[in-house]
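Peer 1: Let me see the structure of the following:
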Amino acid sequence: MAGKVDALGVVSIDHPSVTSAIDSATEAGCHVFSMLSPLSAASVKGYIGIDGRKAGRTAGWLMRRYLSEGEVGILVGSHRYLGHEALEVGFRSYMREQAPDVLLKESLVYLDDAAVAYEAASELLRRAPDLSGLYQCGGGVRGVLKALQNDGRAGRIVYICHEINAASESALLDGTIAAAIATPIESVASRTIDAMLLAVQGKQQKPIAALDFSIVTPESV
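Peer 2: Next up is the predicted model:
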């Protein structure tokens, strides 16, 4: 798209080919911003999204309120999404510090796809009959909900996620999801547009601060 647009908002995995494409676009005069998940390309003008590590630690804080022992599974959309990686790092960091008696299982990657999330969650549930908690970093909540329902442990496992939609709101109300940490999608979009306009106009802008996330519970849906 280099040469066709003046500014570009990107939601992407972090990969050398992506970095190369961003660098090429920047050289062609395009201002590139990363959205929702950071990118390592030095030429990116800024990142618009939440602080993933802080959100992950918040998920750990929530899980610790429910559990002081037991096994907790972790599902990660993709470690290529630096945002997902930061969520997992933050969660593990908090649980390691504050919940040493909770056993964190090896993370399962599901490529941020609901169908693959269903398979990964189903496999996790088969392997861990005593699973007490489940933390999901990424999208594809519908797949995990289906796996929990089919397994018969929906509502019995403390499930914390990061996706808010009709399915997750319904699951919050029926107790399948204990809590969700929501990214302010509309704010991400509006902040990105504002940053693009300033960049295209050649105006200096302040460093873009991480956006505030919110904790959604059954009582706040």
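Peer 1: just the strands in the protein please.
Peer 2: Along the chain, counting by DSSP state E, strands occupy 7-10, 31-35, 46-48, 70-76, 102-104, 108-109, 131-137, 158-161, 179-182, 214-216.
Peer 1: Report pLDDT for residue 3.
Peer 2: pLDDT, residue 3: 68.
Peer 1: got it, and the one 10 residues further on?
Peer 2: pLDDT, the model's per-residue confidence, is 98 for residue 13.
Peer 1: ok, now which ones touch the most centrally placed residue in the chain?
Peer 2: Geometric centre of the chain, nearest residue: residue 138, 4.0 Å, by Cα atoms, centre = their mean. For residue 138, the contact set (Cβ atoms under 8 Å, 6 or more residues apart in numbering) comprises 75-78, 81, 84, 87, 110, 112, 162-163. Where C-beta positions appear, they are placed from N, C-alpha and C, glycine not excepted.
Peer 1: Domains of this structure: list them as residue ranges, please.
Peer 2: The chain breaks down into these domains under automatic domain parsing: 7-49+185-211, 52-182.
Peer 1: just those: most buried one?
Peer 2: Burial of the domains of the chain is given as mean neighbour count (mean count of other Cβ atoms under 10 Å); domain 52-182 ranks first at a mean of 20.
Peer 1: now the end-to-end length of it.
Peer 2: Its first and final residues considered, domain 52-182 spans 11 Å by Cα to Cα, to the nearest Å.
Peer 1: Helices of this protein, start to end?
Peer 2: 16-27, 52-66, 82-98, 114-127, 141-151, 166-174, 185-200 (DSSP state H).
Peer 1: Backbone dihedrals for the closest residue to residue 210 other than its chain neighbours, please?
Peer 2: Spatial nearest neighbour of residue 210, excluding adjacent residues (Cβ to Cβ, 6 or more residues apart in numbering): residue 51 at 4.0 Å. Torsion angles at residue 51 (phi, psi; degrees, to the nearest 10) stand at phi -80, psi 100.
Peer 1: Give me the local confidence score for the residue nearest to the centre of the chain.
Peer 2: pLDDT, residue 138: 95.
Peer 1: residue contacts, the nearest residue to residue 75 once chain neighbours are set aside?
Peer 2: Once flanking residues are discounted, residue 75 sits nearest to residue 136: 4.5 Å by Cβ to Cβ, 6+ apart. Residues counted as contacts of residue 136 (Cβ under 8 Å, 6+ apart) are 74-75, 117, 144, 159-163.
Peer 1: ok, now with 10 Å
Peer 2: Shown in contact with residue 136 (Cβ atoms under 10 Å, 6 or more residues apart in numbering): 59, 73-77, 84, 87, 108, 110, 117, 120-121, 143-144, 159-163, 177, 180.
Peer 1: before we move on, what about residue 44?
Peer 2: Applying Cβ under 10 Å, 6+ apart to residue 44 gives the contacts 10, 19, 22-23, 26, 31-34, 38.
Peer 1: switch the cut-off to 8 Å
Peer 2: The neighbours of residue 44, taking Cβ under 8 Å, 6+ apart as the test, are 22, 32-34.
Peer 1: Low-confidence regions, the chain specifically.
Peer 2: Residues of the chain that meet the criterion pLDDT under 70 lie in 1-3.
Peer 1: Okay then, goodbye and thanks.
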